[in-house]
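> just need the structure, nothing else, for what follows:
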Amino acid sequence: MKNHQITIIDIARELGISKSTVSRALTNSTNISPETREAVLKKAKELDYQPNMLALGLIRNESRTLGVVIPDIQKPFFAAIVSGIQHTVSRIGYRIVIAQSDESPEVEKENIKALMLSRVDGFIVCHTRDTKDFEHIKLLHGKGYPLVSFARICPELPIPKVVEDDFNGLYTTTQHLIEQGKKRIALLAGPRQLLASKLRVNGYKVALQQHGIPFDKELVAHTKFLHDQVAAALERWLSLKNPPDGICTVYDAGAVKLVELLKQKGIKVPDEIAVAGFGDDPAASIIEPGLTSYAQKPYEIGVVAGRYMLDLLNKKYPVHHSDMTICKGTLVVRKSTCSRLR
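Numbering: from 1, shown residues only. Next up, the predicted model:
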């Protein structure tokens, strides 16, 4: 008996009762005596019976699984969000299926189709840096699937959304560089079409404006988060007649690369050019000098996204519910912007 998956037939045979009686006992049916239910549950535990979740899902028209679509599981930011989602939904008996898009809109669409065929009960989605067409998400929404959007959100649908504190993050970081005496502050930005990127650029602009520093479009470089684009942006800035004395970035990996390139060129960080990141990834505290960074709360983003999904599944909100949570962050100051720190 131990050589195969235990079924209700095995329990029924052991107890000398029908499989329908076993089924009623395991599903808490009221049409069964307490003594029989207790005997079935005891035998099920003894035989290490595990319910067939696929069969139960077909009966209940639910799979108790959720599809989580992310651009890159290797990045600490997304890994922490997935952890927050999983810990939140698993407490209520849901499992997650992770689909990685590798920053490809086409792969994202294929992943959505595959998850639909896998009969997931809902979708928690972060789009790729290049996603501009949201028709595949609108299709899910039209079919009545519970949907939650996080980080790189779909702005075209009335669904729950969870985002970082994009505007205040870059506003705070830029203001910090200004307080360090920097006057020519460049910005390593993200793709132009991303809402998060637009908000971060706006935060940077407002900080400059409030301190009477004119905005110079020559000092803004939009990238797709690629190292060669970071290097090209730095070369362009250094070739200017009046190069920057500080650089804000919208992601830590870009800031780490900038620090590396500046050190290779013999440019002192932060005395000649200060560098600040966004995200406070683990590398921020390891590199030399340590990277000043606006710390996000990705695990919290995952927890909030998971709660939104559970609320949708429990009909607390209608599928067309529109709400947004901004997870506040804090600036962590290190030596890449402030050499006086010990």
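> which residue ranges of the stretch 101-250 of the chain form strands?
Secondary structure of the stretch 101-250 of the chain (DSSP state E, counting those that start in this stretch): strands located at 123-125, 147-150, 161-164, 185-189, 220-222, 246-249.
> single out the most deeply packed of those strands.
Among these, ranked by average contacts under mean count of other C-beta atoms under 10 Å, first place goes to strand 246-249 (a mean of 30). The C-beta positions use only the backbone N, C-alpha and C, and glycine is treated the same way.
> by contact count, what packs against that one?
Contacts defined by 3 or more C-beta pairs under 8 Å, 6 or more residues apart in numbering; DSSP states H and E place strand 246-249 against helix 166-179, strand 185-189, helix 252-264, strand 274-279.
> which one of those lies nearest to residue 18?
Among the helices and strands packed on strand 246-249, strand 274-279 comes nearest to residue 18, with 58.8 Å by C-beta to C-beta.
> okay, the angle between that closest one and helix 166-179?
Angle, strand 274-279 to helix 166-179, by axes from the mean of the first three to the mean of the last three C-alpha atoms, to 10 degrees: 160 degrees.
> tell me who's in contact with the nearest residue to residue 298 once chain neighbours are set aside.
Spatial nearest neighbour of residue 298, excluding adjacent residues (C-beta to C-beta, 6 or more residues apart in numbering): residue 80 at 3.7 Å. Applying C-beta atoms under 8 Å, 6 or more residues apart in numbering to residue 80 gives the contacts 298-299, 302.
> okay if I get the strands of the stretch 101-250 of the chain as JSON lines plus distance to residue 43 and mean pLDDT?
Converted to JSON lines, the strands of the stretch 101-250 of the chain look like this (distance: least, C-beta to C-beta, whole Å; pLDDT from 0 to 100):
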{"stretch": "strand 123-125", "distance to residue 43": "38", "mean pLDDT": "98"}
{"stretch": "strand 147-150", "distance to residue 43": "41", "mean pLDDT": "97"}
{"stretch": "strand 161-164", "distance to residue 43": "45", "mean pLDDT": "95"}
{"stretch": "strand 185-189", "distance to residue 43": "63", "mean pLDDT": "98"}
{"stretch": "strand 220-222", "distance to residue 43": "64", "mean pLDDT": "97"}
{"stretch": "strand 246-249", "distance to residue 43": "61", "mean pLDDT": "98"}
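> can you put the ones you listed in a markdown table and add distance to residue 240?
Shown next, in a markdown table, are these (distance: least, C-beta to C-beta, whole Å):
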| stretch | distance to residue 240 |
| --- | --- |
| strand 123-125 | 40 |
| strand 147-150 | 37 |
| strand 161-164 | 30 |
| strand 185-189 | 9 |
| strand 220-222 | 12 |
| strand 246-249 | 13 |
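> so for residue 277, which of those strands sits nearest?
Closest among the strands of the stretch 101-250 of the chain, using C-beta to C-beta: strand 246-249, at 5.2 Å.
> sorry, back to before: winner for burial among the helices and strands packed on strand 246-249?
By mean count of other C-beta under 10 Å, those have strand 274-279 as the most buried, with a mean of 29.
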